[in-house]
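Student: Just a sequence and a predicted model for now, questions to come.
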Amino acid sequence: MSSFDRLERHKRHILLKEIGGPGLAKLAGAKVTIVGAGALGGPCALYLAAAGVGQITIHDDDRVDLSNLQRQVQFTEADIGALKAETLAARLRRNNSDIQVTAIASRFHAETDLGGDVVVDGTDSFEARYAINEAAARARVRLVSGAATGWQGQLGVFAPGQPEIGPCYRCLVPEPPAQAEDCSTLGVVGAVTGMVGARMALETLRLLTGAGPDPIGWFWTFDGLTGTGRRLRIHPDPECDVCS
Ligand SMILES: [Zn+2]
């Protein structure tokens, strides 16, 4: 892509004083891993690719199912049965040929090597969330973690393995809740998952460009039924297994 086209494509971000040309260069040089190519990871990935994040890796071993289409708006009926990671990666490449997108269609493990700047957790199980938090702690990669069930959305920004900078996911959730339920049993509003996904992209862009106050150590909740939300400060837990 010519530098003229690049300026034209990103004009609306360049106009913002918090991003501008230097922010655009930081995004182009950034590497982000997104685990979960579903309702949260999909919208997040679309916004990050459109913003020009230079290297995006999508990690998901699942295939597109008819019941996904109510909220996973990155997929179409023609994608049913296809691998989510590969389908989403192809979608991102069609949006922005200027970036490098890698699809990994296998399960994420705590031993998975994580490089880069930020990992986005868009998974829906505590097992996966703990595995991502552990891998992020080992690699010293910042973590943006989101969740949605029913009408509720939530999102936190963490610095796993770096308690001097901020908490990890396990500092917030030391043990899985006794009655952990996911959206397959509780239902979830598609638009709420989209909000969390877009918000994960927003916090990732803020981490990468340094725009606004540091989001690390903040946790937000949102109730889609009443339109209200809360913001909480999270501190590193001195007893945390991962941080200590
Ligand atoms: Zn911790």
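Tutor: Happy to help now that I have it. Residues are numbered from 1 along each chain as shown.

Student: Kindly report the residues of this protein close to the ion.
Tutor: 168, 170, 171, 240, 242, 243 (Cβ under 5 Å from the ion). No exception for glycine: its C-beta is placed from N, CA and C like everyone else's.

Student: Of the residues you listed, which belong to helices?
Tutor: 170, 171 (DSSP state H).

Student: Out of the residues of the chain next to the ion, who's the most crowded?
Tutor: Tallying neighbours with other Cβ atoms under 10 Å puts residue 168 at the head of these, with 28 neighbours.

Student: Correct me if wrong: it contacts residue 137.
Tutor: Yes. Under the criterion of Cβ atoms under 8 Å, residue 168 makes contact with residue 137 at 6.0 Å.

Student: three-state assignment of residue 149?
Tutor: strand (DSSP: H, G, I helix; E, B strand; the rest coil).

Student: what's around it, how many residues?
Tutor: 19.

Student: Same question for residue 110.
Tutor: 15.

Student: What are the neighbouring residues in contact with it?
Tutor: 130, 131, 134, 135 (Cβ atoms under 8 Å, 6 or more residues apart in numbering).

Student: now do 6 Å
Tutor: Contacts for residue 110 (Cβ atoms under 6 Å, 6 or more residues apart in numbering) come out as 131, 134, 135.

Student: any idea how far it lies from residue 60?
Tutor: 17 Å (Cβ to Cβ, to the nearest Å).

Student: next one: residue 41
Tutor: From residue 41 to residue 60 the distance is 7 Å (Cβ to Cβ).

Student: before we move on, what about residue 146?
Tutor: Distance of residue 146 to residue 60, given as Cβ to Cβ: 15 Å.

Student: buried sites along the top helix by length along the chain?
Tutor: Longest among the helix segments of the chain by residue count, using DSSP H, is helix 190-209. Of all the residues in helix 190-209, those buried under the rule 16 or more other Cβ atoms under 10 Å are 192-197, 199-209.

Student: What helices and strands are in contact with that helix?
Tutor: helix 20-28, helix 41-50, strand 118-121, strand 142-149, strand 152-158 (3 or more Cβ pairs under 6 Å, 6 or more residues apart in numbering; DSSP states H and E).
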